[in-house]
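A.B. asks: here is a sequence together with a model predicted from it:
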Amino acid sequence: MTGGTVRRDGREVLAGVDLRVEAGDVLAVLGPNGAGKSTLVKALLGLIPLAAGRTEIYGVPAARFRARHRVGYVPQRLPMGGGVPATVREVVASGRVARRSRLLPALFTDRAADRAAVDRALRTAGLTGRARDSAHLLSGGQQQRVLIARALAGEPDVFVLDEPTAGVDARSQAALAATLHELARAGRTVVLVAHELGPLEPLVTRTVELDHGRVVRETTARAATAGRTATPGGPA
Ligand SMILES: Nc1ncnc2c1ncn2[C@@H]1O[C@H](COP(=O)(O)OP(=O)(O)OP(=O)(O)O)[C@@H](O)[C@H]1O
């Protein structure tokens, strides 16, 4: 993202942000309530338009980026807007949709691969026993796991998680940390929004801190350990 600017109600809620996410980064976006963290990740993914600046995903302008299966997005909460009750398994299986060809019908082998990936994701998220439950009846922490499992099922290269630890009990946080640790070890890229890192802290290789829509501080893990900070901006 270069000069990323988002306006809401005539106000800049993201104000000229430069940010480059490198493959293999585990990047935490930090900052107080209303700092613009969610806006930043949505704008990075091209889910909300920029008023100024540009954002590219794998070198392609976000609006034209088609390889959606390469990026798994875990929003803050389960979107219940449709009001259609779905089981945990159905929600998790929807994470495979972006991998399907729009032109070819699903082959038998695709379906077997889909089933295996969904099973794996349910297992990793500790949801195997809840697969037939209605997703909207689960607790907040369990719904968060469903969303993470949905992203895992898509087997993306990049995971973008918006406040994955918010309202989640300590055990689920530790389980999430273990899952992210595995992903990082497998060379996946992770971008996560957080108020506090908690058990995720040891995994994080870079932090970007926002305030009033601007990057006010950046650290790399080494700089963070040494108590040093890098200059805001960085390559874009
Ligand atoms: N759809 C919207 N319409 C108007 N203003 C919005 C909208 N979405 C976000 N904002 C405003 O933009 C600013 C940044 O919001 P954002 O959700 O990105 O912050 P955040 O850092 O993620 O906060 P939180 O930690 O509370 O989730 C806030 O002042 C918020 O009120």
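C.D. replies: Perfect, thanks for sending it.
A.B. asks: so residue 188 makes contact with residue 161?
C.D. replies: No. Checked against Cβ atoms under 8 Å, the pair residue 188 and residue 161 is beyond contact range at 11.7 Å. All C-beta atoms are positioned from the backbone trio N, CA, C, and that covers glycine.
A.B. asks: so who does the most centrally placed residue in the chain touch?
C.D. replies: In the chain, the residue lying closest to the centroid (Cα atoms, centre = their mean) is residue 160, at 1.6 Å. Counting by Cβ atoms under 8 Å, 6 or more residues apart in numbering, residue 160 touches 41, 44-45, 71-74, 190-192.
A.B. asks: neighbours of residue 210, how many?
C.D. replies: The tally of other residues near residue 210 (other Cβ atoms under 10 Å) stands at 25.
A.B. asks: so after the one helix or strand the residue nearest to the centre of the chain maps to, what's the next helix or strand?
C.D. replies: Following DSSP states H and E, the helix or strand that holds residue 160 is strand 158-162. Proceeding N to C from strand 158-162, the next assigned helix or strand is helix 170-185, under DSSP H and E.
A.B. asks: what helices and strands are in contact with that following helix?
C.D. replies: Using 3 or more Cβ pairs under 8 Å, 6 or more residues apart in numbering; DSSP states H and E as the contact test, the elements touching helix 170-185 are helix 140-153, strand 189-193.
A.B. asks: nearest to the ligand, of the ones you listed?
C.D. replies: strand 189-193 (6.3 Å; Cβ to the nearest ligand atom).
A.B. asks: would you map the strands across the chain?
C.D. replies: Listed in chain order, the strands of the chain (DSSP state E) span 2-8, 11-17, 26-30, 52-54, 56-57, 60-61, 71-74, 158-162, 189-193, 206-211, 214-220.
A.B. asks: if we can go back for a sec, tell me the mean pLDDT over the strand holding residue 160?
C.D. replies: For strand 158-162, mean pLDDT rounds to 95.
A.B. asks: angle of it against helix 140-153?
C.D. replies: For strand 158-162 against helix 140-153, the angle by axes from the mean of the first three to the mean of the last three Cα atoms, to 10 degrees is 160 degrees.
A.B. asks: does strand 158-162 reach the ligand?
C.D. replies: No. Strand 158-162 lies out of reach of the ligand by Cβ under 6 Å from any ligand atom, never closer than 7.4 Å.
A.B. asks: start the count at 9, not 1, going forward
C.D. replies: In the new count, where the first residue is 9, that last one comes out as strand 166-170.
A.B. asks: how far off strand 34-38 does that strand point, in degrees?
C.D. replies: On the basis of the same axes, to 10 degrees, strand 166-170 is oriented at 20 degrees to strand 34-38.
A.B. asks: now restrict the contacts of residue 168 to buried residues only.
C.D. replies: Among the contacts of residue 168, the ones that count as buried by 16 or more other Cβ atoms under 10 Å are 49, 52-53, 79-82, 198-200.
A.B. asks: how about residue 222, what does it touch?
C.D. replies: Counting by Cβ under 8 Å, 6+ apart, residue 222 touches 23-25, 44, 240.
A.B. asks: if you set the cut-off to 6 Å instead, what comes out?
C.D. replies: Residues in contact with residue 222, defined by Cβ atoms under 6 Å, 6 or more residues apart in numbering, are residue 23.
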